[in-house]
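**Student:** this is a predicted model, with the sequence first.
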Amino acid sequence: MCGIVGYVGPREATEVLIEGLRRLEYRGYDSAGVAVLNGDGMRTRKAVGRLSALEDELKRDALHGGLGIGHTRWATHGVPSVANCHPHTSFDGKVSLIHNGIIENHRELRRELMDQGIEFRSETDTEVVAHLVAKTYDGDLVRTFQKVIRRLRGAYALAVCHTDEPDKIIATRVGSPLVIGIGDGENFIASDVPAILKYTRKVVFLNEHQLAVVTRDGVKIFDAALNPVEFTICETNLSLDAAEKEGYEHFMLKEIHEQPRALAETIRGRVNGDNVDLTELNLDAAVLKGVRRIAILACGTSLYSGMVGKYLFERFTHLPTETWSASEFRYADPVIDDGMLVIAVSQSGETADTLEALRIVKEGGARTIAVCNVMGSSIPRMCDATLYTRAGPEIGVASTKAYTTQLAGFVLLSVGIGRLLGVTDAEDERRLVTGLKQLPDQVQALLDEDIVAVKRCAKRYKNVFNFMYIGRHFNYPTAMEGALKLKEISYIHAEGYAGGEMKHGPLALVEGTFPTIAIAPQGRTREKLISNVQEIKARKGVVVMVSTQGDEEARELADYLIEIPPCEEELSPILAVVPLQLLAYYTALQLGRDVDKPRNLAKSVTVE
Ligand code: G6P
């Protein structure tokens, strides 16, 4: 993620940049910076934290000038810090550059530049590009930039300016979005339309590998060989609000649809051939061999991913594993010692209960690993190692993409640690790595299907007062998470239960209109859950089944059938939860609820 913006024209550039960055904060908000060019050269301001911190910085020490670039960051390489914040300046102070994406070959470029005596000030992948532009500069920024981008691998939207050519911003993109705004005597660039909507509705969507030269008086676009390209100016009719959501009605729906990409990002670079590759975590096999048991600590949705994590860790590491609600752990009397490995799971990395539980286990000498979505947040800072999920900023209060990427993270961690311990079977590793690689396409296929049964169900049952969700083993937590989603955003009471426990009480609730969502994909417990469904049907309950494509028995039993693609049973929670997210979403929509900001709840709970 990350958002970029640029301006050239008669206004104070910082005003336009700050307005643009505010509109792009949904793309990342751990730090922000701007650089402005005027007759005196180039000056930069940066601040860690929300955009308001940068605004305060600019109030203290204003920048004046009509050309500038700005960036709001969602850290991928290096923690949120002033040094890692964009814009990055070249060694000679002449080049300023912003970037959204990942430069995959940054390590080799960094080595090459260091060999030439260049000192790096940040840990980012971006800084290499600023230095490369300065090194290559031959008096023609367009030609120089073309040469530099030929050397880059990865995904990027980049914008650059140079003190020797203070009238222009040059921008390009591969894999990351970039739009150009056409004004009257002023022009703009941005990651996304809302950043510039206040000033213009005329936009040009830059194509991959094209290079745009943006000055006050005009915009020129070139192809990768620097041939001029004709371009079409479109008039956008987006409202500011809709544009930030990329056309989706709510952030939650957008985030549900981002899951294929988020999963692909989370897996990227962490599987290698048939193996899981956790090199980035620097795990010490000798230390791990001293681990006698594992405790997973988390809250809310992260707790349910931790419940799946328990099953995975027990299967692949053979170590006893327990999952704790962090708020319970704090006030229990847990036995902590240095044979304990604690895994703290948190989307935000700031949840107060999880942080406090972590503090307690650290005092007790336990080893710690974080599974977290926000780089540099408090929980990863406290842990010995972190597996970052790469879901991108999650705005909707009801967690969706953070959950499925945590599940993928647990598969990687459990199999990877199991192998370091010499326990995970090579065949298991191969089958899970193969399955993980297929997941983004499978989730995409599920989303493309537009799951008609989900919408019908939401319409039919929106007025019931209670829902039951049942699952077994890997999908017992899916039942809990499905029920939580419905509660959170539709305010309908829902319970997640282990299928086998129905006969010990909840079966008494079942009668004619009582709906149960049964999650029964193929796997070890499918048959048992089918028996539980039969018990419900015998009492005239209504059953919505989530099962694997081609399961004829499920088709016969179900009042509503939702099919997921065949997959390894350890990965089925990732696929099975997607229709449940959508069911909660469409039910809440039918009821006219505030989907992204449900009553009484908050995205990040930093109080006890
Ligand atoms: C809040 C959010 C949930 C989230 C939980 C834990 O309750 O509304 O969506 O699952 O906090 O948050 P964390 O950031 O630690 O995963």
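**Tutor:** It's in. Since the model is a prediction, treat every value here as computed from it, not as a measurement.
**Student:** contacts only, for the residue nearest the centre of the chain.
**Tutor:** Central residue check for the chain by C-alpha atoms, centre = their mean: the C-alpha nearest the mean position is that of residue 391, 1.2 Å away. Residue 391 makes contact with 255, 258, 262, 265, 266, 347, 373, 401, 402, 405 under the criterion C-beta atoms under 8 Å, 6 or more residues apart in numbering. Backbone N, C-alpha and C define where each C-beta goes, glycine included.
**Student:** please name the residues that touch the second one.
**Tutor:** It refers to residue 258. With contacts defined as C-beta under 8 Å, 6+ apart, residue 258 is in contact with 391, 392, 401.
**Student:** near the ligand, which of the contacts of residue 391 show up?
**Tutor:** The residues of the contacts of residue 391 that also fall near the ligand, by C-beta under 6 Å from any ligand atom, are residue 347.
**Student:** ok, so of the contacts of residue 391, who is nearest the ligand?
**Tutor:** Of all those, the one with the least separation from the ligand (C-beta to the nearest ligand atom) is residue 347, at 3.5 Å.
**Student:** and the stretch 151-300 of the chain, which residues reach the ligand?
**Tutor:** Contact residues, the stretch 151-300 of the chain versus the ligand (C-beta under 6 Å from any ligand atom): 299, 300.
**Student:** show me the contacts of residue 258 that map onto strands.
**Tutor:** Nothing among the contacts of residue 258 maps onto strands, per DSSP state E.
**Student:** next, format these as TSV and append distance to residue 91.
**Tutor:** Converted to TSV, the contacts of residue 258 look like this (distance: C-beta to C-beta, whole Å):
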residue	distance to residue 91
391	35
392	31
401	38
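**Student:** pick out the lowest-pLDDT one from these.
**Tutor:** Note: of the contacts of residue 258, the lowest pLDDT belongs to residue 392, at 86.
**Student:** that older thread, among the contacts of residue 391, which are located in helices?
**Tutor:** Within the contacts of residue 391, membership in helices is found for 255, 262, 265, 266, 401, 402, 405, as judged by DSSP state H.
**Student:** and stretch 154-166, how far from the chain's centre?
**Tutor:** Between the centre of stretch 154-166 and the centre of its host chain there is 26 Å, according to C-alpha atoms, centre = their mean, to the nearest Å.
**Student:** not including adjacent chain positions, what is the nearest residue to whatever residue of the stretch 51-200 of the chain ends up closest to the ligand?
**Tutor:** Nearest to the ligand, among the residues of the stretch 51-200 of the chain, is residue 74, at 15.0 Å (C-beta to the nearest ligand atom). The spatially closest residue to residue 74, leaving aside those adjacent along the chain, is residue 28, at 2.5 Å (C-beta to C-beta, 6 or more residues apart in numbering).
**Student:** surely that neighbour is in contact with residue 3?
**Tutor:** Yes. At 6.3 Å, residue 28 counts as touching residue 3 under the criterion of C-beta atoms under 8 Å.
**Student:** and for those two, which residues touch both?
**Tutor:** With C-beta under 8 Å, 6+ apart as the test, residue 28 and residue 3 both reach residue 72.
**Student:** neighbour count: the two, which is higher?
**Tutor:** Neighbours were tallied for residue 28 and for residue 3 using other C-beta atoms under 10 Å; the higher tally belongs to residue 3 (30 against 24).
**Student:** for the more buried one, report the pLDDT, please.
**Tutor:** Reading off the per-residue confidence, residue 3 sits at a pLDDT of 90.
**Student:** what sits against the nearest residue to it once chain neighbours are set aside?
**Tutor:** Taking C-beta to C-beta, 6+ apart, and ignoring the residues beside it in sequence, residue 3 has residue 24 as its nearest neighbour in space, at 2.8 Å. With contacts taken as C-beta under 8 Å, 6+ apart, residue 24 has the following neighbours: 3, 4, 5, 72, 190, 191, 192, 194, 195.
**Student:** give me the helices and strands touching the strand or helix carrying the second one, please.
**Tutor:** Taking DSSP states H and E as the definition, residue 4 sits inside strand 3-8. In terms of contacts (3 or more C-beta pairs under 8 Å, 6 or more residues apart in numbering; DSSP states H and E), strand 3-8 is packed against helix 13-24, strand 67-73, strand 95-103, strand 154-162, strand 165-174, strand 187-190, strand 211-215.
**Student:** format these as a markdown table; extra columns: distance to residue 558 and mean pLDDT.
**Tutor:** Supplementary listing: the helices and strands packed on strand 3-8 in a markdown table, determined by distance: least, C-beta to C-beta, whole Å; pLDDT from 0 to 100:
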| stretch | distance to residue 558 | mean pLDDT |
| --- | --- | --- |
| helix 13-24 | 44 | 94 |
| strand 67-73 | 46 | 96 |
| strand 95-103 | 43 | 93 |
| strand 154-162 | 41 | 93 |
| strand 165-174 | 45 | 96 |
| strand 187-190 | 47 | 97 |
| strand 211-215 | 53 | 98 |
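**Student:** out of the ones you listed, which is the most enclosed?
**Tutor:** Compared across the helices and strands packed on strand 3-8, strand 67-73 shows the largest average neighbour count, a mean of 30 (mean count of other C-beta atoms under 10 Å).
**Student:** the inter-axis angle of that one versus strand 211-215?
**Tutor:** Taking axes from the mean of the first three to the mean of the last three C-alpha atoms, to 10 degrees, one finds that strand 67-73 is oriented at 130 degrees with respect to strand 211-215.
**Student:** ok, then the element right after strand 67-73?
**Tutor:** Following strand 67-73 in sequence, per DSSP H and E, is strand 88-89.
**Student:** which strands and helices sit next to that following strand?
**Tutor:** With contacts defined as 3+ C-beta pairs under 8 Å, 6+ apart, the secondary structure elements packing on strand 88-89 are strand 95-103, helix 127-136.
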